[in-house]
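In: Predicted model and sequence follow; I will ask about them next.
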Amino acid sequence: MSKTSCWIEAVRLRTLPVSLAGVVTGASLAIFNHTFRWAPVVICLLFATLAQVASNFANEYFDYRDGLDRKGRAGPRRGVTEGDIKPAAMRNAALGTLAAAAIIGCSLIYWGGWWLIAAGIAIILGALAYSAGPYPLSRHALGEVAVVVFFGIAPVTLTYYLQAGDCPIEVWLASIAVGLLGANVLIVNNYRDADDDRAVGKITLAVKFGRTFTGWLYLANCIAAVILMLPIWKGIHLFGFYVWLACAFAAWRKLRNSDGSALNPLLGGTAMLMLAYALLALAASLIH
């Protein structure tokens, strides 16, 4: 595998819809309430994408450093573990990408005020705390909680606030809904890796509570996401609504009936399901 391919794999392109979905949802709600502004939305998209890429780089580096990865794993190839990328290069890439996200994020002060610096620092620390620090969240069954906060609540509420200047209850509910769907992407990852994680002492929800529990949690998150967004969903043509539910149910069946590397396509599929959810919300807002 070429160096370029290794770095592309490290970016984890199939999961990047996770960072897009939160911003798209925040923009959709602004359209719904007639407060849309394109400039902060574009900047939020760039910031969210860079923050996720930095988190992916950091996760690969710290998992390698702490001996939590092994060669030939069922999941996507890890360039550092396989010896294709030097650990220092991955560490520097994570820090450099975080710095780029911070620089871009500072431009949002124009619309949101100086308090956004604190919010940006919290997001950057969250990206690192997922895999590093004295209590790495991903290793103590808190990875899904972190995803709900940093890929659901934060991007949806902040994107909306930067356009409207406030954040009503329906925006908070939508942010939780998006976060739950983001958590499903991590559930697929941890469901697949449960045996490997258990062997190296990495505690995830799938390790702590078992695959059966996390499988049902995946479906429960989909149902909860629909309920939380009912004020938006009602504006969508019923065909689109039923198609999304059918796809969510099919993804859950795939999760329950697969294991190992067979789950890799579902990782990207779940991320796309999350983005489709956000795009349906956008469609509902546009025809509102």
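Out: Arrived safely.
In: contacting residues around residue 256?
Out: residue 215 (CB atoms under 8 Å, 6 or more residues apart in numbering). For every residue, glycine as well, the C-beta is placed using N, CA and C.
In: For residue 216, see how far away it is.
Out: Residue 256 sits 9 Å away from residue 216, taking CB to CB, to the nearest Å as the criterion.
In: With residue 275 instead?
Out: Taking CB to CB, one finds residue 275 at 23 Å from residue 216.
In: neighbour count winner among those two?
Out: Set residue 275 next to residue 216 and count neighbours by other CB atoms under 10 Å: residue 275 wins out with 19 against 14.
In: Can you show me the helices along the stretch 51-200 of the chain?
Out: 87-106, 109-112, 116-129, 143-148, 154-164, 169-192, 194-200 (DSSP state H, counting those that start in this stretch).
In: need the next SSE after the lowest-mean-pLDDT helix or strand in the chain, C-terminal direction.
Out: Of all helical and strand segments in the chain, the minimum by mean pLDDT, DSSP states H and E falls on helix 230-233, at a mean of 72. Next helix or strand after helix 230-233 toward the C-terminus (DSSP states H and E): helix 238-256.
In: Low-confidence regions, the stretch 51-200 of the chain specifically.
Out: Low-confidence segments of the stretch 51-200 of the chain (pLDDT under 70): 69-77.
In: picking up where we left off before, now the helices of the stretch 51-200 of the chain as CSV including distance to residue 135 and mean neighbour count?
Out: What follows is these, written out as CSV (distance: least, CB to CB, whole Å; neighbours: other CB atoms under 10 Å):
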stretch, distance to residue 135, mean neighbour count
helix 87-106, 19, 18
helix 109-112, 30, 14
helix 116-129, 8, 17
helix 143-148, 11, 22
helix 154-164, 20, 25
helix 169-192, 17, 25
helix 194-200, 17, 16
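In: looking at those helices, which is closest to residue 60?
Out: Comparing the helices of the stretch 51-200 of the chain by their distance to residue 60 (CB to CB), the top pick is helix 87-106, with 5.8 Å.
In: for the closest one, packing partners?
Out: Packing partners of helix 87-106 (3 or more CB pairs under 8 Å, 6 or more residues apart in numbering; DSSP states H and E): helix 3-11, helix 38-65, helix 116-129.
In: Let's have the helices of the stretch 51-200 of the chain in a markdown table, adding distance to residue 248.
Out: Converted to a markdown table, the helices of the stretch 51-200 of the chain look like this (distance: least, CB to CB, whole Å):
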| stretch | distance to residue 248 |
| --- | --- |
| helix 87-106 | 30 |
| helix 109-112 | 33 |
| helix 116-129 | 27 |
| helix 143-148 | 17 |
| helix 154-164 | 19 |
| helix 169-192 | 9 |
| helix 194-200 | 22 |
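In: distance between stretch 262-274 and the chain's centre?
Out: Centroid displacement of stretch 262-274 relative to its chain, using CA atoms, centre = their mean, to the nearest Å, is 12 Å.
In: go on, stretch 47-65?
Out: 12 Å.
In: Alpha carbons only: can I get that stretch in PDB?
Out: Only the C-alpha atoms of stretch 47-65 are listed here, as PDB (Å, rounded to 0.1, in the frame of the first residue of the first chain):
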ATOM      1  CA  PHE A  47     -14.000  23.200  11.300                       C
ATOM      2  CA  ALA A  48     -16.000  20.100  12.000                       C
ATOM      3  CA  THR A  49     -14.300  18.100   9.300                       C
ATOM      4  CA  LEU A  50     -10.800  19.100  10.400                       C
ATOM      5  CA  ALA A  51     -11.700  18.400  14.000                       C
ATOM      6  CA  GLN A  52     -12.900  14.900  13.100                       C
ATOM      7  CA  VAL A  53      -9.800  14.100  11.000                       C
ATOM      8  CA  ALA A  54      -7.600  15.300  13.900                       C
ATOM      9  CA  SER A  55      -9.500  13.100  16.300                       C
ATOM     10  CA  ASN A  56      -9.000  10.100  13.900                       C
ATOM     11  CA  PHE A  57      -5.300  10.800  13.600                       C
ATOM     12  CA  ALA A  58      -5.000  11.100  17.400                       C
ATOM     13  CA  ASN A  59      -6.900   7.900  18.000                       C
ATOM     14  CA  GLU A  60      -4.600   6.000  15.700                       C
ATOM     15  CA  TYR A  61      -1.400   7.400  17.300                       C
ATOM     16  CA  PHE A  62      -2.500   7.000  20.900                       C
ATOM     17  CA  ASP A  63      -3.900   3.500  20.400                       C
ATOM     18  CA  TYR A  64      -0.600   2.500  18.800                       C
ATOM     19  CA  ARG A  65       1.400   4.100  21.600                       C
END
